[in-house]
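[1] A predicted structure for the sequence below; I have some questions about it.
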Amino acid sequence: MKALSTTLLPLLTLLASTAVLAVPTGEQVVLDDLSRVAKDWQHAAEDVFHKGEQRVQKWMQDGREFIKQHDMTYELVSHPAFGEHKLRMTEPTLCDPTVQQASGYLDIADDKHLFFWFFEARENPEDAPLVLWLNGGPGCSSTTGLLFELGPCRIADEGKGVTRNDHSWTEAANVIFLDQPVNVGYSYADDGTSVNTSPVAAEDVWAFLELFISRFPKYAKLPFHIAAESYGGMYAPSIASVVHHKNQDLLRGALTAPGLQHINLASILVGNGLTDPYHQFASVPDAACEGEFPVFSDPQSAQCQALRTKVPTCQRLIQSCYNYDSRFTCVPALMYCNSQLMAPVVQTGKNIYDVRKDCDRSTDGQLCYKELQWIETWMNLPEVKKVLGVNPSLNFESCNMQVNQAFAFQGDGARNRAKLLPELVENGIRVLIYAGDADMACNYLGNERWVEELETKFQPEFKKTVKQPWVTLGKGDLSGWVRSAGGDGFTAGNITYVQVHAAGHMVPFDQPEASLDLLSRWLADIPLTLNVTEARTYGW
């Protein structure tokens with residue numbers, strides 16, 4: 001990724017017209033007289049300067065600030081509370097031209113830039129909840145979730161185009177796709193630095209949300225939900241914790257900066273996530289040998305017995321990581337558990353994200369899905385970059401392995417992010433954990449077990465629950481099983497776990513209709529155990 005120069009050589013452009021134009025003229029005038037500058041400044045609020053070799057122009061129109069660089073025009077959104085954060089955005093019409101969109105960057109201190117792409121809901125966006133979607137990896141772009149799973153379009157034709165997704169989550173919500181941390185997807189850092197732990201970027205995401213709702217105030221009072229997948233199980237609790245604490249600071253007057261707003265955080269959704277490694281790594285032998293889709297046919301085989309012998313050491317190391325929360329304890333834990341428990345599963349040749357399938361990396365790519373390579377083809381088309389407001393010199397990768405390694409070398413994947421959730425749950429923020437049962441990367445058994453061990457006021461009730469069938473309201477198909485506590489059966493619950501049957505790591509890809517049914521009912525806080533007849537009493 002080519003780093004952009006941070007050298008600024010300021011110049012002023014003087015416009016002949018007394019009006020502030022919608023687009024800059026590009027005329028350059030040598031400044032040789034301060035009185036002339038003052039005179040013309042009354043008629044224009046445009047700056048022109050060079051950043052390396054790129055020309056940048058700034059001007060005001062109708063009370064809004066605009067900037068032009070890389071031959072692209074952006075609206076520039078600032079906030080009095082954030083001196084080092086700005087939104088630089090444009091309005092594309094790709095993917096789903098029938099809805100309002102915004103894309104561009106959260107610029108942080110002139111050197112870090114997080115890419116986002118927002119889509120309004122297809123119906124009643126003024127009332128639909130606001131959802132932030134995060135992919136995992138770590139190091140994988142949320143655009144892969146957009147184009148591969150739940151966005152309003154799906155990648156097609158080997159990356160030459162996209163097709164409409166009728167089961168997009170934008171059927172039920174306004175959705176923001178955010179590429180974080182830096183150097184993921186279209187996000188970049190001018191100096192090449194990278195983030196290497198989950199909590200570091202959470203403050204920047206909060207700043208992004210404040211800037212976003214200040215620019216789009218119609219979303220400020222809507223319920224806000226953080227949805228994440230895979231390593232997003234580490235990201236989501238960290239971001240939710242920061243948002244919650246900022247809300248509390250605002251309430252008690254500890255944050256007094258002008259323009260800050262309460263973010264109406266309603267819930268956290270995590271699909272096939274990594275959140276509590278202590279319980280999740282320990283579940284690998286059970287899922288691999290006796291799960292819904294075992295990779296080893298005989299649970300008493302030598303492979304299965306060997307896997308089980310590794311669990312005590314893995315858990316002892318992870319417990320040490322939990323206790324000391326240090327790179328020196330967490331890196332050995334992550335290395336041991338991955339090499340001794342996950343590596344034997346990978347070596348079977350199965351697609352660990354959906355073990356119903358084999359993985360031929362020579363044709364399917366390193367992550368076992370050829371569609372991820374198609375996404376890279378489409379996202380690197382010059383015309384796509386231009387519409388999205390992306391520097392044409394940037395190269396899009398679905399997953400950045402350098403970012404992935406940076407997190408691994410901090411032992412981030414062995415840390416306990418589930419410990420952040422009880423405080424949120426006790427304050428009324430709901431939690432939905434769902435998992436496709438054909439996934440072996442973050443298997444369904446481990447997700448169910450850590451949810452059962454989550455120490456909240458709902459834990460005794462949750463431990464007593466048994467799985468109830470979940471039937472979609474569209475086709476009436478049995479799509480999985482639900483355990484839920486809180487709400488006395490009249491809501492979707494405060495702590496809810498869903499096993500999605502016959503789905504892998506990417507539930508919206510494998511079960512698109514069921515995924516939309518799950519999201520819609522969760523956002524509306526309607527029990528997932530209702531059948532079609534019962535749901536009609538809720539007006540569905």
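    Structure received.

[2] got the CA coordinates for stretch 163-171 in PDB?
    Provided in PDB are the C-alpha atoms of stretch 163-171 (Å, rounded to 0.1, in the frame of the first residue of the first chain):
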ATOM      1  CA  THR A 163     -26.400  -9.000  -8.400                       C
ATOM      2  CA  ARG A 164     -29.300  -7.900  -6.100                       C
ATOM      3  CA  ASN A 165     -29.500  -9.600  -2.700                       C
ATOM      4  CA  ASP A 166     -33.200 -10.000  -1.800                       C
ATOM      5  CA  HIS A 167     -32.300 -11.100   1.700                       C
ATOM      6  CA  SER A 168     -30.100  -8.200   2.500                       C
ATOM      7  CA  TRP A 169     -30.100  -6.900   6.100                       C
ATOM      8  CA  THR A 170     -31.000  -3.600   4.600                       C
ATOM      9  CA  GLU A 171     -34.500  -5.000   4.300                       C
END
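
[3] can you pull the buried residues of that stretch?
    165, 167-171 (16 or more other Cβ atoms under 10 Å). Where you see a C-beta, it was placed from the backbone N, CA and C, and this is true even at glycine.

[4] contacting residues around the helix ranked longest in the chain?
    In terms of residue count, the longest helix belonging to the chain (DSSP state H) is helix 302-324. Helix 302-324 is contacted from outside by 277-278, 281-282, 284-285, 288-289, 296, 298, 329-330, 332-334, 336-337, 340-341, 344, 411, 414-416, using Cβ atoms under 8 Å, 6 or more residues apart in numbering.

[5] now the element after that helix, going C-ward?
    helix 327-337 (DSSP states H and E).

[6] packing partners of that next one?
    The elements that helix 327-337 packs onto, with contact taken as 3 or more Cβ pairs under 8 Å, 6 or more residues apart in numbering; DSSP states H and E, are helix 277-282, helix 302-324.

[7] distance between that helix and the chain's centre?
    Centroid separation for helix 327-337 versus its chain: 25 Å, with Cα atoms, centre = their mean, to the nearest Å.

[8] with only the CA atoms kept, save it in PDB.
    What follows is helix 327-337, C-alpha atoms only, in PDB (Å, rounded to 0.1, in the frame of the first residue of the first chain):
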ATOM      1  CA  ARG A 327       1.500 -10.400  25.700                       C
ATOM      2  CA  PHE A 328       4.000 -12.700  27.500                       C
ATOM      3  CA  THR A 329       1.200 -15.000  28.700                       C
ATOM      4  CA  CYS A 330      -1.300 -14.600  25.900                       C
ATOM      5  CA  VAL A 331       1.000 -15.300  22.900                       C
ATOM      6  CA  PRO A 332       2.100 -18.700  24.100                       C
ATOM      7  CA  ALA A 333      -1.500 -19.600  24.900                       C
ATOM      8  CA  LEU A 334      -2.700 -18.600  21.400                       C
ATOM      9  CA  MET A 335       0.200 -20.500  19.700                       C
ATOM     10  CA  TYR A 336      -0.300 -23.700  21.700                       C
ATOM     11  CA  CYS A 337      -4.100 -23.800  21.300                       C
END
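
[9] run the angle between it and helix 302-324 for me.
    For helix 327-337 against helix 302-324, the angle between stretch directions is 170 degrees (axes from the mean of the first three to the mean of the last three Cα atoms, to 10 degrees).

[10] end to end on stretch 171-187, go ahead and measure it.
    Stretch 171-187 has an end-to-end distance of 27 Å (Cα to Cα, to the nearest Å).

[11] check the offset of that stretch from the chain's centre.
    On Cα atoms, centre = their mean, the centre of stretch 171-187 falls 5 Å from the chain's centre.
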